[in-house]
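Peer 1: Next come a sequence and a model predicted from it.
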Amino acid sequence: MTVLLESDAAMRDTSQRCFVSAENLVLRYGSSPVINGLSFRFDGPGLLQVIGPNGSGKTTLMNALAGILPIAGGKALVCGNEPRRASKLGLIGYVPQFSASQLSSVPITAMEVIMMDYVLRSPWPRLMRKELEEIAARALSLVGVHESYWHKRFSELSGGLRQRVLIARAILGDPPVLLLDEPLASVDPAGRHDLACLIGSLTAKKTVIVTSHDPVIFLGWTRRILVLGFNKYLYGEPGDVLDEKKLEAFYGSSVLRLGEHIHIYDAGCKP
């Protein structure tokens, strides 16, 4: 979350006009390209799913769109800005894949997760603790975290509650773009649906990009799907992309059709 000065706020785009795009994008770790020649444009608000086999570059793409990973070639834009600038302008909220597990080792409460981020990123003057608690309380209430959990250790919360706290932190500055890397990965089956519904509710006003191994759970809110392969990509509407033959070109025999649903499973685990 980034709290904006008035001069910065005036430069922000609205969620209705915000888009995320890539043009011949090249991303590297070391000397090896992980993504090479990717192009797409997603106009918000709405949900874009990014799926693909392990190692295909899903997290790499999210880090680049968040302004964390340098772009090796081509270009990416977030609301018309280069990703690092978009991040500085408060246009992006990001929940990385392993942020919940990293915070679990820190003796900090759910409310303090929000307050700490606000203090670290806010311009002067600093707010009093009571004001910070009020801001954190509003954010936690917005994502459905009950008051009884606000002062519990983050490490004691369920996977679903941890993700809700992290989403509250990400949307605290009301960014028009929200990046969620595997938000359901550490959530038990009972909580996955509720968390997916929360994320889906945010897509009415925000441009939300989610990486996932299960495209079905977010399908009701999904406007576009981007499939990452190894130097091959597929982008389009869910009805066109979630085609068994097309997905087999990316996943091989790991695509299984059960009735009207297509499921993608880890190789070697076919029922």
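Peer 2: Arrived safely, thanks for sending.

Peer 1: Val187 is in what secondary structure piece?
Peer 2: Val187 belongs to no helix or strand when assigned by DSSP states H and E.

Peer 1: Likewise for Gly55?
Peer 2: Judged by DSSP H and E, Gly55 forms part of no helix or strand.

Peer 1: Quick check: closest non-adjacent residue to Asp194.
Peer 2: Leaving aside its sequence neighbours, Asp194 sits nearest to Gly160 (C-beta to C-beta, 6 or more residues apart in numbering; 6.7 Å). In short, each C-beta sits where N, CA and C put it, glycine included.

Peer 1: Secondary structure class of that neighbour, three-state.
Peer 2: Assigned with DSSP: H, G, I helix; E, B strand; the rest coil, Gly160 falls in the helix class.

Peer 1: For Gly144, see how far away it is.
Peer 2: Here the criterion is C-beta to C-beta, to the nearest Å. By it, Gly160 lies 10 Å from Gly144.

Peer 1: okay, these two: which has more neighbours?
Peer 2: The neighbour count for Gly160 versus Gly144, taken as other C-beta atoms under 10 Å, is higher for Gly160 (22 against 16).

Peer 1: List the contacts of the more buried one.
Peer 2: Shown in contact with Gly160 (C-beta atoms under 8 Å, 6 or more residues apart in numbering): 187-188, 191-192, 194-195.

Peer 1: redo that, cut-off 6 Å
Peer 2: Going by C-beta atoms under 6 Å, 6 or more residues apart in numbering, Gly160 touches 187, 191, 195.

Peer 1: Which of the helices or strands spans the second one?
Peer 2: Secondary-structure element containing Gly191, defined by DSSP H and E: helix 189-202.

Peer 1: list the buried ones in that helix?
Peer 2: For helix 189-202, the neighbour count (16 or more other C-beta atoms under 10 Å) marks 191-192, 195-196, 198-200, 202 as buried.

Peer 1: for the record, mean pLDDT for stretch 165-179?
Peer 2: Stretch 165-179 shows a mean pLDDT of 93.

Peer 1: ignore the last one, stretch 194-203
Peer 2: Taken as a whole, stretch 194-203 has a mean pLDDT of 94.

Peer 1: Run through who's touching stretch 132-145.
Peer 2: For stretch 132-145, the surrounding residues in contact (C-beta under 6 Å, 6+ apart) are 111, 114-115, 150, 164, 167-168, 172.

Peer 1: Mind checking which of those residues land in strands?
Peer 2: Per DSSP state E, strands hold no members of those.

Peer 1: Same list (those residues) but as TSV, adding distance to Phe230 and neighbour count.
Peer 2: Formatted as TSV, those follow (distance: C-beta to C-beta, whole Å; neighbours: other C-beta atoms under 10 Å):
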residue	distance to Phe230	neighbour count
Met111	43	24
Ile114	39	26
Met115	42	21
Trp150	44	18
Arg164	34	26
Ile167	31	24
Ala168	36	26
Leu172	37	22
